[in-house]
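Participant: what follows is a predicted protein model with its sequence.
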Amino acid sequence: MKKNTSWLKKNWSNLLWLALIALLLYPPTGKPIKIAVHRLIASSPKTTPEEKRTVLQDFNWLLKDQEGKIVDFNAYKGQPIILNFWATWCPPCVAEMPALQALYNDYSKEVVFLFVTNDESQKVEAFLRDRGYKLPVYYQATKAPQLLETKSLPTTYLIAKNGDVLIRKVGSANWNSEKVRALLDSELN
């Protein structure tokens with residue numbers, strides 16, 4: 001008996017790590033844990049310094065809204081835009097959604113919000129309904145302009161009225177921060 005007890009004392013931290021890894025790999029517990037961790041570590045996205053900013057000049061992009069109606073991205077030229085590429089299966093995407101919803105609630109009349117996904121529409125509708133989100137979701141009908149192409153989720157852009165990409169953030173962030181709100185307020189004035 002003494003041998004077993006000393007082995008447990010020696011290896012308890014390894015066993016704890018193994019249990020944590022097992023919980024992370026098991027989908028019913030892994031996804032919520034990953035989402036919670038991303039929310040904990042999310043900070044306000046950094047603004048791109050002026051000298052490093054790129055300007056979006058190509059607005060030639062067609063999107064499809066949730067009803068299947070084609071929307072021309074050119075219609076949003078000259079307006080501030082928050083563009084978010086996301087998926088329902090992506091823990092960092094899901095982690096930042098409450099902050100994006102709060103921002104949308106307060107700025108949707110002055111700022112264009114586009115939540116672009118490749119998920120199946122039924123999955124997206126269920127995801128939004130189950131969480132009480134009222135976000136405008138779109139699907140790509142044509143390829144995005146080169147400046148907006150991404151393979152990482154989530155990727156979010158804050159585009160100024162003049163086309164300057166003020167923020168390009170890959171990964172989750174706290175979009176409902178005072179810093180983002182101040183930036184939007186200054187863009188709207």
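Facilitator: Received the coordinates, thanks. Residues are numbered from 1 along each chain as shown.

Participant: tell me who's in contact with residue 57.
Facilitator: Contact analysis of residue 57 by CB atoms under 8 Å, 6 or more residues apart in numbering lists residue 163. In this view, the C-beta of every residue, glycine as well, is placed from N, C-alpha and C.

Participant: right, I mislabeled it, should have said residue 64
Facilitator: For residue 64, the contacting residues are 70, 71, 138, 139, 140, 141, by CB under 8 Å, 6+ apart.

Participant: so what pairs up with residue 139 in the strands?
Facilitator: residue 64 (DSSP bridges).

Participant: tell me, how many neighbours does it end up with?
Facilitator: If you count neighbours by other CB atoms under 10 Å, residue 139 ends up with 17.

Participant: before we move on, what about residue 68?
Facilitator: 9.

Participant: likewise the one 3 residues further on?
Facilitator: Applying other CB under 10 Å, we find 17 residues neighbouring residue 71.

Participant: again, but for residue 79
Facilitator: The number of residues packed near residue 79 is 13, by other CB under 10 Å.

Participant: so who does the residue nearest to it when sequence neighbours are not counted touch?
Facilitator: Nearest-residue entry for residue 79: residue 112, 5.1 Å, with adjacent residues in sequence omitted and distances by CB to CB, 6 or more residues apart in numbering. If you count contacts by CB under 8 Å, 6+ apart, residue 112 has them with 76, 79, 80, 81, 82.

Participant: export the contacts of residue 64 to a markdown table and tack on pLDDT and distance to residue 50?
Facilitator: Output for the contacts of residue 64, formatted as a markdown table (pLDDT from 0 to 100; distance: CB to CB, whole Å):
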| residue | pLDDT | distance to residue 50 |
| --- | --- | --- |
| 70 | 98 | 35 |
| 71 | 98 | 30 |
| 138 | 98 | 29 |
| 139 | 98 | 33 |
| 140 | 98 | 30 |
| 141 | 98 | 33 |
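
Participant: in a markdown table, list those residues along with distance to residue 42.
Facilitator: Formatted as a markdown table, the contacts of residue 64 follow (distance: CB to CB, whole Å):
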| residue | distance to residue 42 |
| --- | --- |
| 70 | 33 |
| 71 | 29 |
| 138 | 23 |
| 139 | 26 |
| 140 | 26 |
| 141 | 31 |
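
Participant: now the helices for this protein?
Facilitator: Here the chain has its helices, by DSSP state H, at 2-25, 27-41, 91-107, 121-131, 178-188.

Participant: so of these, which one's packed in deepest?
Facilitator: With neighbours defined as mean count of other CB atoms under 10 Å, those peak in mean count at helix 91-107, which reaches a mean of 20.
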